[in-house]
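Visitor: sharing a sequence plus its predicted fold:
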Amino acid sequence: MKALLVVYHSQTGGTRQMVDALAAGATEAGEAALRVLHATDARPEDLLAHDAYVFATPENLAAISGLMKDFFDRCYYPVLGRIEGRPYAAMVCAGSDGSNAVRQIERIATGWRLRAVAEPVIICTRAQTPEQILAAKLLADADLERCRELGASLAAGLALGIF
Ligand SMILES: Cc1cc2nc3c(=O)[nH]c(=O)nc-3n(C[C@H](O)[C@H](O)[C@H](O)COP(=O)(O)O)c2cc1C
């Protein structure tokens, strides 16, 4: 069975809900092994041990979050040249944008020579004030459905050998 690794960080819970929905979709499909790791726990060996990846992050200050950056910083060179060609997808939880976080993940993935096999999923919370930004997030079911579908299609694609 092919194995999918999800590496994520979440400060106020939005990205975590996206990951939970993706995991539900992948598990329903039941065709791929799934491991979900917080960015602080993910190591180069975890990347090497899996066939495909989902990177999920908040957009903070027009960038991936600091702990996702730390994950990439720690793992970039130890696995460079050893995971080429493996499929990946990106998910970003943002207030109103998310595009720079996606771009950063795409640049890192290009360096690793990973293959994007799905459009990135960006969910915007529309939080504007500091209070709204810092509040726990509750994402809409319709948005989370996009994450569930991504999980299901990644699991199915891996099982069928499409990727
Ligand atoms: C320090 C900080 C910086 C942020 N910067 C951005 C930003 O540049 N663009 C954006 O769209 N949202 C920004 N946001 C909003 C978050 O992306 C949004 O609250 C999202 O829900 C965070 O995901 P999380 O709930 O998984 O932590 C920022 C939030 C914080 C706390």
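Guide: Yep, it's here. Numbering: from 1, shown residues only.

Visitor: okay, CA-based contacts and neighbour counts for the rest of this
Guide: Will do.

Visitor: now the strands for this structure?
Guide: Along the chain, counting by DSSP state E, strands occupy 3-8, 33-38, 52-58, 87-94, 115-116, 121-124.

Visitor: just those: most buried one?
Guide: Ranked by average neighbour count under the criterion mean count of other CA atoms under 10 Å, these are headed by strand 52-58 at a mean of 27.

Visitor: so can I have a markdown table of the strands of the chain showing mean pLDDT and distance to the ligand?
Guide: A markdown table is the format used below for the strands of the chain (pLDDT from 0 to 100; distance: least, CA to the nearest ligand atom, whole Å):
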| stretch | mean pLDDT | distance to the ligand |
| --- | --- | --- |
| strand 3-8 | 98 | 9 |
| strand 33-38 | 97 | 12 |
| strand 52-58 | 98 | 4 |
| strand 87-94 | 98 | 3 |
| strand 115-116 | 98 | 22 |
| strand 121-124 | 98 | 7 |
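
Visitor: is the ligand contacted by the helix ranked longest in the chain?
Guide: Under DSSP state H, the helix in the chain containing the largest number of residues is helix 141-160. No: using CA under 6 Å from any ligand atom, helix 141-160 never reaches the ligand; the gap is at least 12.8 Å.

Visitor: buried stuff in that helix?
Guide: 143-144, 146-159 (16 or more other CA atoms under 10 Å).

Visitor: pull out the buried positions in stretch 101-121.
Guide: If you call a residue buried by 16+ other CA under 10 Å, then stretch 101-121 has these buried ones: 101-102, 105-106, 109, 112-117, 120-121.

Visitor: quick one: which of those residues sit in helices?
Guide: When those are checked against helices (DSSP H), the matches are A101, V102, I105, E106, A109, W112.

Visitor: out of those, which is nearest to the ligand?
Guide: Among those, A101 lies closest to the ligand (CA to the nearest ligand atom), at 8.5 Å.
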